[in-house]
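Colleague: Got a predicted structure plus its sequence, pasted below:
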Amino acid sequence: MAGLNNVVLIGNLTRDPELRYTPSGLPVATLRLAVNRNFTNQQGEIETDFFNVVVWRNQAEKCAEYLSKGRPVSYTHLTLPTIYSV
């Protein structure tokens, strides 16, 4: 049975969004997101995971305009699993 995978990341930007344009003029922004884990490791430290997020079109321009390093960001993504036939 096929289902959806839902990813929700809540963290802080580690740098300002990087806005660039494809050769056809499409805006693309790259964000680097730091997400702290909800638990500590064996040494009692909170670990942090880092994610690269790519944003396209109008949303990319808005991210570059309004977001900056250190700002809290929430990212949600839905994916359909790929089904292979053998």
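Modeller: Sure, I can see it.

Colleague: show me the contacts for the residue positioned nearest the centre of the chain.
Modeller: Nearest residue to the geometric centre of the chain (C-alpha atoms, centre = their mean): residue 53, 3.3 Å. By C-beta atoms under 8 Å, 6 or more residues apart in numbering, the contact list for residue 53 reads 9, 30, 31, 32, 33, 75. All C-beta spots, glycine's among them, are computed from the backbone N, C-alpha and C.

Colleague: Likewise for residue 30?
Modeller: Applying C-beta under 8 Å, 6+ apart, we find residue 30 in contact with 17, 18, 20, 52, 53, 54, 55.

Colleague: Sticking with the fifth one, tell me its helix or strand.
Modeller: Following DSSP states H and E, one finds residue 53 within strand 46-56.

Colleague: Partner strands of that strand, with direction?
Modeller: strand 27-40 (antiparallel) (DSSP bridges).

Colleague: Residue 60 - how many residues pack around it?
Modeller: For residue 60, the count of nearby residues is 22 (other C-beta atoms under 10 Å).

Colleague: nope, residue 51 is what I was after
Modeller: Around residue 51 there are 14 residues (other C-beta under 10 Å).

Colleague: Does it touch residue 13 like I think?
Modeller: No: in this structure residue 51 lies outside contact range of residue 13 using C-beta atoms under 8 Å: 10.7 Å.

Colleague: Looks to me like residue 61 is in a helix.
Modeller: Yes: per DSSP: H, G, I helix; E, B strand; the rest coil, residue 61 lies within a helix segment.

Colleague: For the residue nearest to residue 32 when sequence neighbours are not counted, grab the count of nearby residues.
Modeller: Nearest residue to residue 32, sequence neighbours excluded (C-beta to C-beta, 6 or more residues apart in numbering): residue 14, at 4.4 Å. By other C-beta under 10 Å, 14 other residues sit near residue 14.
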